[in-house]
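Asker: here is a sequence together with a model predicted from it:
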Amino acid sequence: MTFINKALCGALWAGMALAAAPMAHSQQTPDRQSQSSRPVAAAFARSVLDAHPAIAAARAELDAAKARARGAGRALYNPEIEASYENADSTTKSLGVSQTLDLHGKRKARANTGRADVIAAKAALDLVQKSLLTDILTALAEHQSAFEKLQLARSRVRLARDFLTLAQTRKTAGDLSESELLTARLALSQALAGQSQARAELSRARERLAALSGEQRDVWPLLVGTPEGALLRGWSGAVDELPEMRLVLAQSERFRARIALADKMRKADPTLGLSLGTESNGLGGNATLFGVRLAIPLQIRNTFSDNVTAARADNARALAEARKIRMRVEARLQATTRRFLAASQAWQAWQSAAAADLTAQRDLLKTLWEAGELNAVSYLVQLNQTFDAQSAAVDLKSALWRAWFDWLDASNSSFTWLEAIQ
């Protein structure tokens, strides 16, 4: 881990030591109570990973790479059987066997490239799993935010209906003006429009979950509380162990092995043959024939040196790609750490300064309005401020979860986090 990474993680852990307890939700439904637990969300994420076609495709590619590696490690040349028959003044019959000899270690070079392909396929599988898990967790966080926004919108509609009912009663009694009654009606219309928008956002969040999981549900898992950030303290910072780096390093090793393979493939291998036969001269005389054949290809018209040059260029490109990915990975680790720290501090600030009992505040506003100490406009303005504050808290918590999942993805700690959930 670089000094910057260590400093950031240390600062982040110090900030997280001040993290507050999760925000209590004022609206609880049976569905929320039965589904809002992290173990349920963790089990859901694991089930999606087990059955997802992207994982199946990556595993199939790994199996194919293993099969190709086994094939590359086998003998390069098979023996050949030769039979000949010649009938002229004498009759000649022979049977022979020939074998091309791998004198330059082509089989070993092919096996090395096969092993590198397997390592790259394993890293690609891990990368697909990591990316998919991050998509699932992010989708769950977005769904939770949309769910809470809808609960908030429903509360706003309910209070707006109650306000309109009371306003109509007071208007009939002559205690309220026509303009204030109109204000109450507009407030209900605004609350209904907000509820419709919240329903649309929740529908989109559920659509994304359905697309990722291939399931159609009426109830989806919800995350609870806020992330603690404990994994930051124990993260080793081994950048080369991240799937992105393992993949590009394996690809670089594969191209390096292909340089050796291309160099060996340009060297000709001799073919050695042995034959045994008989020759008869037509007068009853027979002779036993024994032959040895050696064939060596002449690499004159094409030396295949361009293949080596191309392999070296591919390796140079792979090395440059590895450096680029390393820069990107290190930058992302630092950026996600900073984002999580900023989101944690923002949430702490909300908990310390703005997290009040908004339900009690709304009840007080209602009491003041009914007592005539607030007019309709003042009541609605202050009531909307309480809902705006609660909506901002939902957004802050959602941003904190997204920042946490971004860091888990950047550090490849998502599976560790899931395993820690009991």
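Answerer: Structure's in. What do you need?

Asker: which parts of this structure are helices?
Answerer: For the chain, the helices defined by DSSP state H occupy 3-16, 30-35, 38-51, 53-72, 106-172, 178-213, 231-234, 243-265, 305-349, 358-370, 376-411, 414-420.

Asker: for those, give me TSV that also has mean neighbour count and distance to residue 98.
Answerer: In this view, the C-beta of every residue, glycine as well, is placed from N, C-alpha and C. Compiled in TSV, the helices of the chain are given as follows (neighbours: other Cβ atoms under 10 Å; distance: least, Cβ to Cβ, whole Å):
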stretch	mean neighbour count	distance to residue 98
helix 3-16	15	61
helix 30-35	13	72
helix 38-51	17	52
helix 53-72	15	23
helix 106-172	20	18
helix 178-213	16	58
helix 231-234	16	62
helix 243-265	21	20
helix 305-349	17	26
helix 358-370	15	90
helix 376-411	19	57
helix 414-420	16	54
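
Asker: separation between residue 137 and residue 415?
Answerer: Distance check for residue 137 against residue 415: by Cβ to Cβ, to the nearest Å, it reads 11 Å.

Asker: same question for residue 400.
Answerer: For residue 400 relative to residue 415 (Cβ to Cβ), the value is 21 Å.

Asker: so can I have JSON lines of the helices of the chain showing distance to residue 287 and mean pLDDT?
Answerer: Below are the helices of the chain laid out as JSON lines (distance: least, Cβ to Cβ, whole Å; pLDDT from 0 to 100):
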{"stretch": "helix 3-16", "distance to residue 287": "83", "mean pLDDT": "39"}
{"stretch": "helix 30-35", "distance to residue 287": "92", "mean pLDDT": "38"}
{"stretch": "helix 38-51", "distance to residue 287": "73", "mean pLDDT": "86"}
{"stretch": "helix 53-72", "distance to residue 287": "44", "mean pLDDT": "94"}
{"stretch": "helix 106-172", "distance to residue 287": "40", "mean pLDDT": "91"}
{"stretch": "helix 178-213", "distance to residue 287": "80", "mean pLDDT": "91"}
{"stretch": "helix 231-234", "distance to residue 287": "83", "mean pLDDT": "71"}
{"stretch": "helix 243-265", "distance to residue 287": "42", "mean pLDDT": "89"}
{"stretch": "helix 305-349", "distance to residue 287": "47", "mean pLDDT": "90"}
{"stretch": "helix 358-370", "distance to residue 287": "112", "mean pLDDT": "79"}
{"stretch": "helix 376-411", "distance to residue 287": "79", "mean pLDDT": "89"}
{"stretch": "helix 414-420", "distance to residue 287": "76", "mean pLDDT": "85"}
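
Asker: so which of these comes closest to residue 297?
Answerer: Across those, residue 297 has its closest neighbour in helix 243-265 (12.0 Å, Cβ to Cβ).

Asker: gap between the closest one and the chain center?
Answerer: Averaging C-alpha positions (Cα atoms, centre = their mean, to the nearest Å) puts helix 243-265 24 Å from its chain's average.

Asker: stretch 382-402 too?
Answerer: Computed by Cα atoms, centre = their mean, the chain-centroid distance of stretch 382-402 equals 28 Å.

Asker: just stretch 220-238 next, same as before
Answerer: Distance, centroid of stretch 220-238 to centroid of chain: 16 Å (Cα atoms, centre = their mean).

Asker: distance between the ends of it?
Answerer: From its first residue to its last, stretch 220-238 covers 35 Å (Cα to Cα, to the nearest Å).

Asker: still on that earlier bit, need the helices of the chain in a markdown table with distance to residue 220, can you?
Answerer: Putting the helices of the chain into a markdown table (distance: least, Cβ to Cβ, whole Å) gives the following:
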| stretch | distance to residue 220 |
| --- | --- |
| helix 3-16 | 28 |
| helix 30-35 | 7 |
| helix 38-51 | 8 |
| helix 53-72 | 20 |
| helix 106-172 | 6 |
| helix 178-213 | 6 |
| helix 231-234 | 25 |
| helix 243-265 | 27 |
| helix 305-349 | 23 |
| helix 358-370 | 26 |
| helix 376-411 | 15 |
| helix 414-420 | 17 |
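
Asker: of these, which is nearest residue 80?
Answerer: Here helix 106-172 is closest among the helices of the chain (Cβ to Cβ), at 17.7 Å.

Asker: give me the angle between the closest one and helix 178-213.
Answerer: 160 degrees (axes from the mean of the first three to the mean of the last three Cα atoms, to 10 degrees).

Asker: check which helices and strands helix 106-172 sits against.
Answerer: Packing partners of helix 106-172 (3 or more Cβ pairs under 8 Å, 6 or more residues apart in numbering; DSSP states H and E): helix 38-51, helix 53-72, helix 178-213, helix 243-265, helix 358-370, helix 376-411, helix 414-420.

Asker: what sits up against the first one?
Answerer: Helix 38-51 has contacts (Cβ atoms under 8 Å, 6 or more residues apart in numbering) with 55, 129, 132-133, 136-137, 140, 212-214, 220-225, 418, 421-422.

Asker: please apply the same query to the fifth one.
Answerer: For helix 358-370, contacts defined as Cβ under 8 Å, 6+ apart pick out 26, 159, 163, 166, 374-376, 379, 382-383, 386, 389-390.

Asker: excluding chain neighbours, give the residue nearest to the most centrally placed residue in the chain in space.
Answerer: The centroid of the chain falls nearest to residue 131 when counting by Cα atoms, centre = their mean (0.4 Å). Closest residue in space to residue 131, ignoring its immediate chain neighbours: residue 409 at 7.4 Å, by Cβ to Cβ, 6 or more residues apart in numbering.
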